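*Asks:* make a model of this:
(2 chains)
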2 protein chains.
Amino acid sequence: MRVLLIGFGPVGRAFAGLIEERRAMLRARYGLDLELAAIASSSAAWLRDPRAGSPGADALRGAASPAELVGRIEPWNGADALDSVDADVLVEATSGGGDSGEPAAGHVRAALSRRMHVVAASKGAFVWHYRELRDLARRSNVELRIGAATGAALPTIDTARYGLAGAEIERIEGILNGTSNYILTRMREGGTYADALRDAQGRGVAEADPRTDVEGTDTATKLVLLANALFDAGLTLADVPTTGITQLAPDDLARAVERGERIRLLGTLEGGTGAWRARVEPVPLGADHPLARVDGLEKGITYQTDTMARVTVIGGRSDPNGAAGALLRDIVNLASG
Amino acid sequence: MRVLLIGFGPVGRAFAGLIEERRAMLRARYGLDLELAAIASSSAAWLRDPRAGSPGADALRGAASPAELVGRIEPWNGADALDSVDADVLVEATSGGGDSGEPAAGHVRAALSRRMHVVAASKGAFVWHYRELRDLARRSNVELRIGAATGAALPTIDTARYGLAGAEIERIEGILNGTSNYILTRMREGGTYADALRDAQGRGVAEADPRTDVEGTDTATKLVLLANALFDAGLTLADVPTTGITQLAPDDLARAVERGERIRLLGTLEGGTGAWRARVEPVPLGADHPLARVDGLEKGITYQTDTMARVTVIGGRSDPNGAAGALLRDIVNLASG
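*Replies:* All right, here's what the predicted structure looks like:
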């Protein structure tokens, strides 16, 4: 199975290093011969040259550009690479894209049209074009997996798809954004939102512009992706009333603690087949709620089902290495299933 | 896909009712046409008679014996049914068996030899004969799934197999027995072990003879099944040093609470490839351990991995309906994969 990786930021580099160093393990455990065939950034592409040997996992993790790697180098972007590289699966790991979902959507469309599987860590393309892209994948008889975009190393889609197969999921609640959960944890220990945000920024946990995380957009995005991937709910961000944590005062958190509760930025999806409704808001959770104790950067998701009752998953590494592990997970599962 | 169900206790009856009422849902969602072809208890078998119509989910859930159902009735046991019924998958749900794993092991052997898939809720056969039965399944090119035996509706094997695919699992910790966790929760609220056990027995949460649960055997059994199914560890119960909760005093739990800890009957599996070691014992867990807050009848399992870090699953219905949901989950996953 030949992999074309598009996007060479922190996640792309971590993924490239990971699959390069796991080749023997993947072959032994899953009978899966996974070869990184090419990597494209926005301005340069690397192609494996068998005569030059492996670039090595450390070089893949450390390079600033594909052009620094040992192999064949071309002045291509992702679209060029899709035109020229013969691969079985596209790993879409471009960042940004914002409102349009580009260039990721274009990459995914091109790959699916060429009957390549697609495994994605980027979100925008699927917020805006999920149904179109899923239909295209079906027509091409290939797989489209976006588990790495909806919680990364926290197995959100996989738990629903495999762990709860055959059950009806009635409701989903999720702490899906580590940055805002970290800030809420700090605020509970004392301090204002501004203090906690500064602390998070100082630790590299929050970005200089933290709005996507603290205003709830990232949580709403993951909720839309989950709703569409699991239930074909056809939701967009406009369907998700979203309140972030920026207006919370230390008193709000202190009062919750007095009641034995914890305030969490919760994404909720409920309503069932044909009537899924999503919302994002700070919610006080009682001590017996399985997500009440998800502290700091951890994430968690709770599924309420009919036959299995309530199942909760917590954890998963919240960094580029965790996202790389999630991309590999999705490839292994599509290759095995 | 034609199903032969052997074992018509609470789990078997719940499973029979569940798949009878989910036929349309399974066809629509998974393209899976699942038909209950026959049910065998130790002394009577029911076979579907298309001319007699469906026995109905309520009748399947409520019957004391397969002989009470509308259809063809034979004086068969499980072995007879395996000789006579043409089916694609055996659902093994006999209870008991204890030290020998019989009659379940015989049923599983016969089914695999006939190239039937096997999905099991019973444990004994796999504690004693897992490797033999797995090898037989491989030679017959069919699937053997025991997820319903290792935590039922708590997705233990599925989380490892799918949610953590491609990662190295370094350590597993599990609260795998609801009865003993319920007793520990009661003891923490005050009261002796004997008081808490009586309370549990009064609520139907503990059996009259509670030894399998409170002495740790059930936890050790599930740990052995997990180790063998996930890692081919080749463990038996004799390899698992096991201490139960019967010797704990109220003071032990009170002192743990003072330290901010909770005592849990924990199954631990660690050591990695070729060196897996298992043990079961009461362990004080700090408040930041994700299993510390798993109270009452709930179960939970934590996987420590390399790429994904720590992932924990909590919950899942702890009753025959939950086990039935788990059997259906395993069938759906084997049919889809």
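*Asks:* break down the stretch 51-200 of chain A into its strands, ranges please.
*Replies:* A:72-74, A:89-92, A:117-120, A:144-145, A:169-175 (DSSP state E, counting those that start in this stretch).
*Asks:* would you mark the buried spots in stretch A:271-289?
*Replies:* A:276, A:278-285, A:289 (16 or more other CB atoms under 10 Å in any protein chain shown). The C-beta positions use only the backbone N, C-alpha and C, and glycine is treated the same way.
*Asks:* circling back: want to try JSON lines for the strands of the stretch 51-200 of chain A, with distance to A:Val332 and mean neighbour count as columns?
*Replies:* Below are the strands of the stretch 51-200 of chain A laid out as JSON lines (distance: least, CB to CB, whole Å; neighbours: other CB atoms under 10 Å in any protein chain shown):
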{"stretch": "strand A:72-74", "distance to A:Val332": "28", "mean neighbour count": "15"}
{"stretch": "strand A:89-92", "distance to A:Val332": "11", "mean neighbour count": "28"}
{"stretch": "strand A:117-120", "distance to A:Val332": "10", "mean neighbour count": "28"}
{"stretch": "strand A:144-145", "distance to A:Val332": "10", "mean neighbour count": "24"}
{"stretch": "strand A:169-175", "distance to A:Val332": "24", "mean neighbour count": "22"}
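*Asks:* in JSON lines: these, plus distance to A:Ile19.
*Replies:* Shown next, in JSON lines, are those (distance: least, CB to CB, whole Å):
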{"stretch": "strand A:72-74", "distance to A:Ile19": "19"}
{"stretch": "strand A:89-92", "distance to A:Ile19": "9"}
{"stretch": "strand A:117-120", "distance to A:Ile19": "11"}
{"stretch": "strand A:144-145", "distance to A:Ile19": "15"}
{"stretch": "strand A:169-175", "distance to A:Ile19": "28"}
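*Asks:* make CSV from the ones you listed and add distance to chain B and mean pLDDT to it.
*Replies:* Shown next, in CSV, are the strands of the stretch 51-200 of chain A (distance: least, CB to the nearest CB, whole Å; pLDDT from 0 to 100):
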stretch, distance to chain B, mean pLDDT
strand A:72-74, 27, 96
strand A:89-92, 13, 98
strand A:117-120, 11, 98
strand A:144-145, 11, 97
strand A:169-175, 11, 97
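*Asks:* so which of those strands gets nearest A:Leu133?
*Replies:* Judged by CB to CB, the one of the strands of the stretch 51-200 of chain A that comes nearest to A:Leu133 is strand A:144-145, at 6.1 Å.
*Asks:* what pairs with that closest one, and is each one parallel or antiparallel?
*Replies:* With DSSP bridges as the test, strand A:144-145 is paired with strand A:117-120 (parallel).
*Asks:* what's in contact with the strand it pairs with?
*Replies:* For strand A:117-120, contacts defined as CB atoms under 8 Å, 6 or more residues apart in numbering or on different chains pick out A:88-93, A:104, A:108, A:111-112, A:126, A:133, A:137, A:142-146, A:148-149, A:327, A:330-331, A:334.
*Asks:* among these, which are located in helices?
*Replies:* A:104, A:108, A:111-112, A:126, A:133, A:137, A:327, A:330-331, A:334 (DSSP state H).
*Asks:* how about residues contacting the one helix or strand A:Thr219 maps to?
*Replies:* A:Thr219 is part of helix A:217-231 when elements are defined by DSSP states H and E. For helix A:217-231, contacts defined as CB under 8 Å, 6+ apart pick out A:123, A:126-127, A:130-131, A:134, A:146, A:149-151, A:156-157, A:160-161, A:169, A:172, A:174, A:176-177, A:179-180, A:211-212, A:233-237, A:239-240, A:242, A:244, A:265, A:267-269, A:273, A:276, A:278, A:280.
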